[in-house]
Structure formats: C-alpha cells, structure tokens
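Participant: the sequence and its predicted three-dimensional model are supplied below.
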Amino acid sequence: MNPVKEVNIPSLPLLKRGKVRDIFSLNENLLIVSTDRISAFDWILPDLIPYKGIVLNKIAVFWFDKLKRVIENHFITDDISVLNLEGYEALLDRSMIVKKSNPIPVECIVRGYLAGSGWRDYQKTGKIIDYKLPDGLSEGSKLPEVLFTPTTKAESGHDENIDFHKVENLIGKENARFLKEKSIELYKTAHNFLADKGIIIADTKFEFGKYQDRIILIDEIFTPDSSRFWTADSVAAGAPMDMDKEFVRKYLLTTGWDRNSPPPSLPLDIIKNTSERYKKIYEIITGKKDF
Ligand SMILES: Nc1ncnc2c1ncn2[C@@H]1O[C@H](COP(=O)(O)OP(=O)(O)OP(=O)(O)O)[C@@H](O)[C@H]1O
Ligand SMILES: [Mg+2]
C-alpha cells in the first residue's frame, strides 16, 4: 500500500492540515484523517512512515471505546461509508468522524516515569517543572507519584510548560481540577491495562475540548505519537526500548540537525524500523494482527 501524504476531498471543506492529520468539516462534526506524515520537534519530516496513519487511527479508536467510562470523548464512528464518498479507498482505516469541539488551549501531559524533557530537566535541576524529585533517579525510573505537567498549546512553535495556577487562571479552577483528575485517571487505567501486556506507558498527552455544556476528550489518545511506550523487559534491563516516535527523535538527535532549519531525510532502515514499531505496538495494545 502506498503511504498517504495528504488527502483532498473536493466535496468536503478542508478545515485544517495538522502536522499529521487532515481535518474536514462535516457541519457539527469533523472528519479526521490520519496521514502517514510524521512530525518531530515541531517540524513535519520529509518522509512518510508506511501504515502509520492506520495504526494511529485504529489505536485511538480502541482506546476511545475502552476509556469512554472514564470521560466522554469525541469519537462517533470510524465507518466512513455513511459519508457516501466515492473513490476514497485511501481513507479507509485511517479516518474517524468525531464531535467538533472547541479545543481547550492546554496540553495535558501526564508522566509516570522519567523520560524525555522530564529526564533532561531532572538532570539539570533535580525537578520536573516545580515537582522536586528524589536524588539518584535514572532515565526510565518510575516517579514517586504520577505527575500532571501541562503545557500551552502553541499554534506554531514550541509548547511551554505552565504551572497548575496558570491553568486555573486560563480555564478556571474547577475546569483545571477536572482536566488534572481525568488525565491522571486515564493514564492510570491505560497503564494498568498495558502493564499486563508487558508494556509501560512512560508518559502521554491529552487534549480536551468544550462540547455543548461539557468538557470532552478529543484528539488522539495513547498512540505512539502522543505517548512513550516501553517494553517492560527492556526497562527492567535498564535500557528502555522505545515503541513510539521517540525512536525517530533519538535518530534525529544523532544527525547534527539544528532543529531551526528544515529537518533531514530519514534513512530507509529508520523508516522501516519505525513502521515496524508502530505496527507492533498496535498488535500489543489491541491484540489484533491486521498487518
Ligand atoms: N474533536 C475535535 N474538535 C476540534 N478540534 C480537534 C478535535 N480533535 C482534534 N482536534 C484538533 O485537530 C488537530 C489534530 O491535528 P494534528 O495532530 O495533525 O496536528 P498537530 O497537533 O499540529 O501536530 P502534532 O500532533 O504532530 O503535534 C489538533 O489541532 C487538535 O487540537
Ligand atoms: Mg496533534
């Protein structure tokens, strides 16, 4: 199957091309199509990752169903035949119809383990944002408690860490507490589910939106784009194996790329290996072998 770079549907208005998803308007709903684009460090990379969009879409569908008891989410259906679009085989398996919401401009990050920017901060300051951590932790260490470390949601450029008071000021105390509680509950529920399958969710990111009079979960959840997944065996052995986008970030950090100019191409073996990791984590999460 040819990787999908972008999707055009003349009969539907294109609302937005995100870094990864193309979003079309369906009146009060949205059609979200996950392409095979990959982004890292706020850039869209020049290469496509085969099957990536299908994996992202199917993993998100799996979790939206599984976690709907924790909080209402935007998912309506991934059966796009209801739209009667002709000739859009390329959309199959990579599209979902969702409730259109008003996104809340906070990225809700939850961390259970020391990784990524949290690990880099800890090495410099002994803290993650304003949470003081015990001495002697290493990359991959389990944190003493699950942390909520929100950032701004920048339209372009880098998201910035914000403390909880800032979130309260932005969206009100009650909403801020709701986002924090739901984010932590979602993380713990999914973490426990995957722990039984030998996978650790090191950290993850959620977005929420206002829908009618309530706050619902939107965007993508517990995908290898929005989460860090490690095999439990590799963590036990002291060398966490990334089953997600971190594999690509780590490659890019070896290239000397300055992150301020267009990113380099990925070698073929990195593209293949990334595609395999995405397919593998899909199989582990869902228990299905679709590829
Ligand atoms: N139900 C929804 N209602 C309104 N907007 C939504 C909904 N679900 C997701 N979105 C928005 O759709 C966009 C998804 O696009 P995408 O993930 O490709 O872009 P991105 O976030 O810019 O890139 P990246 O995820 O790589 O950082 C996000 O801006 C997200 O806030
Ligand atoms: Mg996104």
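Facilitator: Happy to help now that I have it. Ligands and ions are numbered 1, 2, ... in the order given.

Participant: ok and the residue in the stretch 1-150 of the chain nearest ligand 1?
Facilitator: residue 18 (2.2 Å; Cβ to the nearest ligand atom). (Glycine included, C-beta is placed from N, CA and C.)

Participant: let me see the backbone angles for that residue.
Facilitator: phi -80, psi -170 (degrees, to the nearest 10).

Participant: use 198 as the first number for this chain going forward.
Facilitator: OK, 198 is where the count begins now, so the last one is residue 215.

Participant: kindly report the residues of the protein close to ligand 1.
Facilitator: Residues of the chain found near ligand 1 (Cβ under 6 Å from any ligand atom) are 215-218, 220, 227, 236, 271, 295-298, 300, 404, 406, 415-416.

Participant: tell me what the helix or strand where residue 306 lies is packed against?
Facilitator: Residue 306 is located in strand 303-310, with elements delineated by DSSP states H and E. The contact analysis (3 or more Cβ pairs under 8 Å, 6 or more residues apart in numbering; DSSP states H and E) places strand 303-310 against strand 339-345, strand 348-349, helix 361-368, helix 370-392, strand 396-408.

Participant: pick the most deeply packed of these.
Facilitator: strand 396-408 (a mean of 22; mean count of other Cβ atoms under 10 Å).

Participant: elements contacting it?
Facilitator: By 3+ Cβ pairs under 8 Å, 6+ apart, strand 396-408 packs against strand 299-300, strand 303-310, helix 313-322, helix 370-392, strand 411-415, strand 424-428, helix 429-433, helix 465-483.

Participant: ok, then the element right after the lowest-mean-pLDDT helix or strand in the chain?
Facilitator: Scoring the helices and strands of the chain by mean pLDDT, DSSP states H and E places helix 313-322 at the bottom, with a mean of 90. Going down the chain from helix 313-322, the next helix or strand is strand 324-325, by DSSP H and E.

Participant: what's the following helix or strand after that following strand?
Facilitator: Per DSSP H and E, strand 324-325 leads on to strand 328-329 as the next helix or strand towards the C-terminus.

Participant: before we move on, back to that, helices or strands up against the least confident helix or strand of the chain?
Facilitator: Using 3+ Cβ pairs under 8 Å, 6+ apart, helix 313-322 is in contact with strand 324-325, strand 396-408.

Participant: can you do 6 Å?
Facilitator: Helix 313-322 is packed against no helix or strand, with contacts defined by 3 or more Cβ pairs under 6 Å, 6 or more residues apart in numbering; DSSP states H and E.

Participant: tell me which residues of it come out buried.
Facilitator: Using 16 or more other Cβ atoms under 10 Å as the test for burial, helix 313-322 gives 313, 315, 316, 318, 319.

Participant: so the residue sitting furthest away from the middle of the chain, which of the three states?
Facilitator: Distance from the C-alpha centroid of the chain, by Cα atoms, centre = their mean, peaks at residue 283 (30.2 Å). Three-state call for residue 283 (DSSP: H, G, I helix; E, B strand; the rest coil): coil.

Participant: contacts only, for it.
Facilitator: Going by Cβ atoms under 6 Å, 6 or more residues apart in numbering, residue 283 touches no other residue.

Participant: kindly report the same for the one 5 residues further on.
Facilitator: Counting by Cβ under 6 Å, 6+ apart, residue 288 touches 230, 277.

Participant: and if we set it to 8 Å?
Facilitator: Shown in contact with residue 288 (Cβ atoms under 8 Å, 6 or more residues apart in numbering): 204, 206, 230, 277, 282.

Participant: now swap in residue 323 and tell me
Facilitator: So residue 323 contacts 329, 330, 332 (Cβ under 8 Å, 6+ apart).

Participant: coming back round to it: quick check: angle from the least confident helix or strand of the chain to strand 396-408?
Facilitator: Here the directions of helix 313-322 and strand 396-408 differ by 110 degrees (axes from the mean of the first three to the mean of the last three Cα atoms, to 10 degrees).

Participant: follow-up on the earlier one: work out the gap between the strand holding residue 306 and the centre of the chain.
Facilitator: 11 Å (Cα atoms, centre = their mean, to the nearest Å).
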